[in-house]
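> Dropping a prediction and its sequence here:
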Amino acid sequence: MSFAWGWPHHPLSLAFSLALLLLHLLVAARAITRPDRTPASRAAWVAVIMSVPTLGIIAYFLLGETSIGRGRVVRLHHAEKALAKPPATPLPSLSAPAHALSDLCTAINGLPAVGGNRIELLGHPGASAHHPMLDSEAAIEALVADIAQARDHVHISFYIWLDDEHGGQVADAVAAAAQRGVACRVMIDALGSRVFIRGPRWQQLRQAGVHLLATLDDIPRIGHLAVGRLDLRNHRKLVVIDNAIAYCGSQNCADPQFRVLAHYAPWVDIFLRCQGPVVRQAQWLFLSTWIAETGQALESLPAAHPLPASFEPGTTAQMYGSGPSTPGNAMSDSFVGAIYAAQSELLITTPYFVPDEALLRALCAAPRRGVKTTVVFPTRNNSWLVACACRSTYRDLLQSGVAIYEYPLGLLHTKSLTADGQFALVGSANMDRRSLQLNFENNLLIMDPDTTTTIQKRQQGYLSASAAVALDSVEAWPLHVRLLQNAVGMMAPVL
């Protein structure tokens, strides 16, 4: 009998109820004192633990802890220290807001802004917002072509790899590279790519001599017992070829038709091809995780030299990554910093929007500072919970002056932010609590008007196909709809 229904008279029952009450208090104390947790998250967890007897404790053990294991954290930090940081390069003058944002991102991994880069937004010349699959096809074509030209190494990290047309093309290219003597290392998420890992392509790569790693398939654990969040994932999308070319963005290794969730297809993505000093930063992010997971000696991995070629005139950019082992709320801080750095115009696309308090307040404050602020979400979301939590923020955003649009032609999976035509953020991170607090993510900060304008044109294409959301229509939503959305939004710190 639980303490929630009154005190029993039998001594054994009384002792059991007292023990259960003590356990609830101890777990609540842990929820309050765990580092790097927001006040809203602490309050939500204490409410769940104390108001739902026993089940609240179970829920906390399954969802409340974000530890990837002390051993893994130690290995990650050791690998990061062992890897030499890529050297800084001379930079053009940056605006004060862009400089401050760059310093904030540098503090995450110690990777500074570097000049002399060439960054290409991959896409089909004839593509439009109404034919987004062409952009995905062009991106995969470019990736396969670069892998075919690889001479030293190919490093790949994807959250989802599917055995479909695009996934098969990349697998064939990697296998062929390995067979001609190129050192190929593939690191995919054990949950996101679980079907691929169990299928014939995984064996094809292994037989071709590719070094394979399914990450985070054993966490979190106390001894041999799996406890805590089982959904901590490596969500990064990153490719490095010969220390000369890097790819990053939102695209997984799969067809845009995304057959495992075909009802929401096509997946509408963005992928960048990078050359120059920033490639070394992508390499650093990949190798730090690879070394921590495999224990492979640094001496057996690609050396720091030769340095990637530098291009003139070049683009200033920097890569950064975050995860459960990163101190503080690094990814949230980078988004908040980017929003506050905007002076006149801000355009954001994200498929999953479940912001923490700091991010939501920064967005709401932007129009009040005179910044024209527009956010584009997909009309249909593959996560019902995320859709509810996202729409629970609409009223606050619209009342603050944020323009909200919904894209109806597929799942707008592009994670992008452009500001003032001067700088852009593109990468794997969503503006949701999974990306902000749980997953390993990588983003690219670009501080260049020409590249930013190119990305903004892609965003404008999405915007042109989208429908505006009016405050009147949101306020007219039925009570039961608003009640459900706000209830889910309120529980977002727990979920």
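Received the coordinates, thanks.
> Where do the strands of the stretch 301-450 of the chain begin and end?
Per DSSP state E, counting those that start in this stretch, the stretch 301-450 of the chain carries strands over the ranges 315-322, 345-349, 353-354, 372-378, 403-407, 411-412, 416-419, 423-427, 431-432, 441-447.
> okay, those strands in JSON lines with distance to Val48 and mean neighbour count next?
Quick note: C-beta positions are derived from backbone N, CA and C, even for glycine. Below are these laid out as JSON lines (distance: least, Cβ to Cβ, whole Å; neighbours: other Cβ atoms under 10 Å):
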{"stretch": "strand 315-322", "distance to Val48": "26", "mean neighbour count": "26"}
{"stretch": "strand 345-349", "distance to Val48": "31", "mean neighbour count": "24"}
{"stretch": "strand 353-354", "distance to Val48": "17", "mean neighbour count": "26"}
{"stretch": "strand 372-378", "distance to Val48": "28", "mean neighbour count": "22"}
{"stretch": "strand 403-407", "distance to Val48": "30", "mean neighbour count": "20"}
{"stretch": "strand 411-412", "distance to Val48": "30", "mean neighbour count": "26"}
{"stretch": "strand 416-419", "distance to Val48": "32", "mean neighbour count": "26"}
{"stretch": "strand 423-427", "distance to Val48": "32", "mean neighbour count": "27"}
{"stretch": "strand 431-432", "distance to Val48": "19", "mean neighbour count": "25"}
{"stretch": "strand 441-447", "distance to Val48": "26", "mean neighbour count": "26"}
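> Go through those strands and name the closest to Ile197.
Shortest separation from Ile197 across those is recorded for strand 441-447, at 21.1 Å, computed as Cβ to Cβ.
> tell me the angle of that closest one relative to strand 315-322?
On the basis of axes from the mean of the first three to the mean of the last three Cα atoms, to 10 degrees, strand 441-447 is oriented at 160 degrees to strand 315-322.
> Can you say which of the strands of the stretch 301-450 of the chain is nearest to Val195?
Between Val195 and those, the shortest gap by Cβ to Cβ is with strand 411-412, which sits at 18.8 Å.
> That closest one: partners in the sheet, and parallel or antiparallel?
Within its sheet, and counting by DSSP bridges, strand 411-412 is paired with strand 267-268 (parallel).
> How about residues contacting the following helix or strand past the strand it pairs with?
Towards the C-terminus, the helix or strand next in line after strand 267-268, according to DSSP states H and E, is strand 271-275. Outside of strand 271-275, the residues within contact range by Cβ atoms under 8 Å, 6 or more residues apart in numbering are 117-122, 135-136, 139, 142-143, 146, 237, 244-251, 282, 308-309, 311, 317, 426, 444.
> Tally up the residues packed near the closest residue to Thr453 other than its chain neighbours, please.
Spatially, and ignoring its direct neighbours in sequence, Thr453 is nearest to Gly421 (5.7 Å; Cβ to Cβ, 6 or more residues apart in numbering). As a burial measure, the neighbour count of Gly421 was computed by other Cβ atoms under 10 Å and equals 14.
> related to what we said a few turns ago, restricted to helices, list the contacts of strand 271-275.
Secondary-structure check on those using DSSP state H: residues within helices are 135-136, 139, 142-143, 146, 282.
> Including distance to Ser51, neighbour count and pLDDT, could these go into CSV?
Written out in CSV, the entries for the ones in helices among the contacts of strand 271-275 read as follows (distance: Cβ to Cβ, whole Å; neighbours: other Cβ atoms under 10 Å; pLDDT from 0 to 100):
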residue, distance to Ser51, neighbour count, pLDDT
Asp135, 47, 26, 86
Ser136, 45, 28, 89
Ala139, 48, 24, 95
Ala142, 53, 17, 97
Leu143, 50, 25, 98
Asp146, 54, 19, 98
Ala282, 46, 28, 96
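> Take the strands of the stretch 301-450 of the chain and write them to JSON lines, including mean pLDDT and distance to Thr454.
Listed next are the strands of the stretch 301-450 of the chain as JSON lines, based on pLDDT from 0 to 100; distance: least, Cβ to Cβ, whole Å:
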{"stretch": "strand 315-322", "mean pLDDT": "96", "distance to Thr454": "11"}
{"stretch": "strand 345-349", "mean pLDDT": "98", "distance to Thr454": "13"}
{"stretch": "strand 353-354", "mean pLDDT": "96", "distance to Thr454": "24"}
{"stretch": "strand 372-378", "mean pLDDT": "98", "distance to Thr454": "17"}
{"stretch": "strand 403-407", "mean pLDDT": "98", "distance to Thr454": "19"}
{"stretch": "strand 411-412", "mean pLDDT": "95", "distance to Thr454": "18"}
{"stretch": "strand 416-419", "mean pLDDT": "98", "distance to Thr454": "10"}
{"stretch": "strand 423-427", "mean pLDDT": "97", "distance to Thr454": "9"}
{"stretch": "strand 431-432", "mean pLDDT": "94", "distance to Thr454": "22"}
{"stretch": "strand 441-447", "mean pLDDT": "97", "distance to Thr454": "10"}
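> Now distance to Gly167 too, for those strands, in a markdown table please.
Below are the strands of the stretch 301-450 of the chain laid out as a markdown table (distance: least, Cβ to Cβ, whole Å):
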| stretch | distance to Gly167 |
| --- | --- |
| strand 315-322 | 24 |
| strand 345-349 | 24 |
| strand 353-354 | 28 |
| strand 372-378 | 22 |
| strand 403-407 | 24 |
| strand 411-412 | 18 |
| strand 416-419 | 23 |
| strand 423-427 | 21 |
| strand 431-432 | 25 |
| strand 441-447 | 20 |
